[in-house]
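Undergrad: Below is the sequence, then the predicted model.
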Amino acid sequence: MAAIEMKNIVKKYGDGFPAVNDVSIDVADGEFMILVGPSGCGKSTLLRMIVGLEDITSGDMIIGGDRVNDLAPRDRNLSMVFQNYALYPHLTVYENIAFPLRLAKMSNKEIDEKVRDASKTLDLDEHLQRKPGNLSGGQRQRVAMGRAIVREARAFLFDEPLSNLDAKLRGQMRTEIARLQKRLGITTVYVTHDQTEAMTLGDRVAVMKRGILQQLASPRELYEQPVNLFVAGFIGSPPMNFLPATVEGDQVTLPFGTFSIPSAKAEKTAGKGLLMAGIRPEHFEDVSVIQSGNVDTSRTFKAHIDVREWLGDQQYAYVPYEAEAEVQAQLKELAREADSDSLRTQLVVSLDSDSKVAEDDDATLFIDTDKMHLFDPSTGENLTVGL
Amino acid sequence: MKDIRGRILTAIGVVFILFWCLLPVAWIISLSFKSQEAVTNGSPGFFPSDGGGAGWKNYTDVLDDEQFRHAIINSIGISLIATALSVIFATLAAYAIARLEFKGKKFVLTTALVIAMFPVVSLVGPLFDMWRTFGIYDSWIGLIIPYMSFTLPLAIWTLSAFFREIPWEMEQAAQVDGATSWQAFRKVIVPLAAPGVFTAAILTFFFAWNDFVFGISLTSTERARPIPAALSFFVGADPFNRPASLLAAGAVVATVPIVVLVLFFQRKIVAGLTAGAVKG
């Protein structure tokens, strides 16, 4: 077990394009670190540099106090689970798990002990003599993990290990990985593009975009205090709503009306012209389900509900609005960066499942402007971070 | 109804093709069991006529022949060595071609193809002169070298196609698991490419075993003369009346190793060995 320190890591390919640009991350001993971002953000490249499958252009990779930049993968003593598992099809499950031990020239008795131990942990006992080709996706996944845990590696590295599984299995394996990591207490770096995995598994999460580290924080902090528009839009599902806003005094003007905001936030943003307001779907509510005495009428507005999705525990309602071309272009760009697609400017609000709002009808909604963030539209920076 | 008609047509087709392919083989076997006199006198039947059968005599005669025994040893030795060397070199070369980016990769592949298409006969003359100068005329190595150069291209092409099919991750996983590049190649890549390796081996062996042109021009004595060439030197007492039945027996003996080899390797060439390596 060891801590992993990345100092100013840069990866440039032959054409000079920096796939990873000046990334510094410290992974503490025993920590579960997630690298997350849209495709092409350099997260997998970074992981492959940790394990030694990619050369590091500049910067220092320090594992357990040793600089490993120039060490071959086999000398770094890390174990990795690949996206497509990379099991050896000509070997049985037993031999697949035993492979690293055989390379380490352990005695047969020792190997047998360790393999049985790993297979017990992962519930693979009955499959030991089968070939990977005859196993289901989830079983293959477990064999790949078995091969990773069987030897005392200094850290585990996962490269999108669950992306080939169906949704239900993915949920189960996610819990399984979390449990295993907690029990073994081993340093783990986990790459994913799935933000649910990122939020549920990680002690800390590193959000990357185009090779640059955007924010490194706990899942809660990422969600509640995103440092810029990209992180705010990438983390959370459905994503945070972005609305054009202007702040005058302690009043913010949104396309739906003018509302008061906390003075701390207003001080930082007043008079800065057109800003981007970010507010999460759950910070809206249907006024009709709130006890009448608790409604702050200065923070309600009438909205036309376009589509409603009832999910049982909650429901999403969509409120289209008109925005200026400039704002629309910026929203499109944001969506593109986060690997999603926004067809129209609309507000997504999450309402209590008791709410009886109807489609194609007007409703009165409450907006919790205390939780609103305000971003500088040109730099994307969150002006109200920590407030 | 349609189904049955289809099956009957298939059966007829199969029988026809089998007949077409196997009749000459069957006839050689038939010939090898006839006595010399019966062949000379004309023995048109498939089975030897009364008194025209020779039993195993032709076979014992062939195997008793000192020259032919040498030829068998030569053929087996030369073919096996040429096959082994060719497969080893081809495996390494094909791996490099499939995995590494280097200048002149296309050139290597095209050159290899050009060599494979080169007419064998046109090289015999120069080789004859060269081998005599080098002092490897009429030796095993003198035959192994041309066999290798003509079989390597095909082997490289076959194997590099197989290597390309093997996912990169296999090797990377092996390296992360603690293998050196060589260990990853030997313990993961080669076993996975086994069907390709065997295919290349069989093709090489066939070429070496069946070659006649090099065998007859680059040898002069039984020191290195392989079976096909030796058979052509099988002349009985009368040079105008060659011992057809003896030749037939010799031909059958020369065919047996090939048949055995194919039957043996057929079980090794299991396609779809890589199935299950990755999800899909």
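TA: Nice, I can see it.
Undergrad: A:Leu71 - nearest residue in space that isn't next to it in sequence?
TA: A:Gly52 (6.3 Å; CB to CB, 6 or more residues apart in numbering or on different chains). C-beta coordinates here come from the backbone N, C-alpha and C atoms, glycine included.
Undergrad: cool, B:Glu222 as well?
TA: Nearest to B:Glu222 is B:His70, by CB to CB, 6+ apart, at 4.1 Å.
Undergrad: thinking again about what came up before, report how many residues lie close to the residue nearest to A:Leu71.
TA: By the measure other CB atoms under 10 Å in any protein chain shown, the count of residues near A:Gly52 is 24.
Undergrad: quick one: the strands in the stretch 201-350 of chain A?
TA: Along the stretch 201-350 of chain A, the stretches classed as strands by DSSP state E, counting those that start in this stretch are A:204-209, A:212-217, A:241-248, A:251-254, A:257-260, A:275-279, A:284-286, A:300-305, A:307-310, A:314-320, A:346-352.
Undergrad: hey, which helix or strand in chain A has the poorest pLDDT?
TA: Of all the helices and strands that make up chain A, the one with the lowest confidence by mean pLDDT, DSSP states H and E is helix A:325-337; it has a mean of 77.
Undergrad: for that helix, which positions count as buried?
TA: Taking 16 or more other CB atoms under 10 Å in any protein chain shown as the basis for neighbour counts, the residues of helix A:325-337 that come out buried are A:Val327, A:Gln330, A:Leu331, A:Leu334, A:Ala335, A:Glu337.
Undergrad: Kindly report the same for stretch A:216-236.
TA: Along stretch A:216-236, these residues count as buried under the neighbour rule (16+ other CB under 10 Å): A:216-217, A:219, A:221-223, A:225-236.
Undergrad: what's the nearest residue to the residue most central in space within chain B if we skip its chain neighbours?
TA: Closest to where the C-alpha atoms of chain B average out (CA atoms, centre = their mean) is B:Phe206, at 0.8 Å. Of all residues not flanking B:Phe206 in the chain, B:Ile258 sits nearest, at 7.0 Å (CB to CB, 6+ apart).
Undergrad: which SS state does the closest residue to chain B within chain A fall under?
TA: In chain A, no residue comes nearer to chain B than A:Gly133, which is 2.4 Å away by CB to the nearest CB. Following DSSP: H, G, I helix; E, B strand; the rest coil, A:Gly133 is assigned to helix.
Undergrad: Let me know whether it touches A:Pro89 as I believe.
TA: Yes: because the distance of 5.7 Å satisfies CB atoms under 8 Å, A:Gly133 is recorded as touching A:Pro89.
Undergrad: So if I had to pick from the two, which one is more boxed in?
TA: Set side by side, A:Gly133 and A:Pro89 show more neighbours around A:Pro89, with 21 against 15, by other CB under 10 Å.
Undergrad: Quick check: phi and psi on that one?
TA: In this entry, A:Pro89 is assigned phi and psi values of phi -70, psi -20 (degrees, to the nearest 10).
Undergrad: Stretch A:345-363 - what's its average pLDDT?
TA: The predicted model assigns stretch A:345-363 a mean pLDDT of 86.
Undergrad: what's downstream of the biggest helix by length in chain B, the next helix or strand?
TA: For chain B, the helix with the greatest residue count under DSSP state H is helix B:66-99. The first helix or strand that comes after helix B:66-99 along the chain, using DSSP states H and E, is helix B:105-117.
Undergrad: Name the residues of that next one that come out as buried.
TA: Of the residues in helix B:105-117, those with enough neighbours to count as buried (16+ other CB under 10 Å) are B:Leu109, B:Ala112, B:Ala116.
Undergrad: can you list the residues you listed in CSV and add distance to A:His127?
TA: Putting those into CSV (distance: CB to CB, whole Å) gives the following:
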residue, distance to A:His127
B:Leu109, 42
B:Ala112, 43
B:Ala116, 45
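Undergrad: Would you convert those into JSON lines that also reports pLDDT?
TA: Formatted as JSON lines, the entries for those read as follows, by pLDDT from 0 to 100:
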{"residue": "B:Leu109", "pLDDT": "86"}
{"residue": "B:Ala112", "pLDDT": "84"}
{"residue": "B:Ala116", "pLDDT": "79"}
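Undergrad: Residue of the stretch 1-150 of chain B closest to chain A, please.
TA: For the stretch 1-150 of chain B, CB to the nearest CB, closest residue to chain A: B:Glu101, 10.1 Å.
Undergrad: Report how many residues lie close to the closest residue to A:Arg210 other than its chain neighbours.
TA: In space, and not counting its chain neighbours, A:Arg210 is closest to A:Cys41: 6.1 Å by CB to CB, 6+ apart. Residue neighbour count, defined by other CB under 10 Å, stands at 26 for A:Cys41.
Undergrad: so how far is the first residue of stretch A:248-263 from its last?
TA: According to CA to CA, to the nearest Å, stretch A:248-263 extends 11 Å from its N-terminal end residue to its C-terminal end residue.
Undergrad: oh sorry, the question was meant for stretch A:258-278
TA: Chord length of stretch A:258-278, first to last residue, is 15 Å (CA to CA).
Undergrad: Residues touching it, excluding its own?
TA: With contacts defined as CB atoms under 8 Å, 6 or more residues apart in numbering or on different chains, stretch A:258-278 is touched by A:226, A:229, A:232-233, A:240-252, A:254, A:298-299, A:301, A:327, A:330, A:367, A:369-370, A:372-377, A:382-384, A:387.
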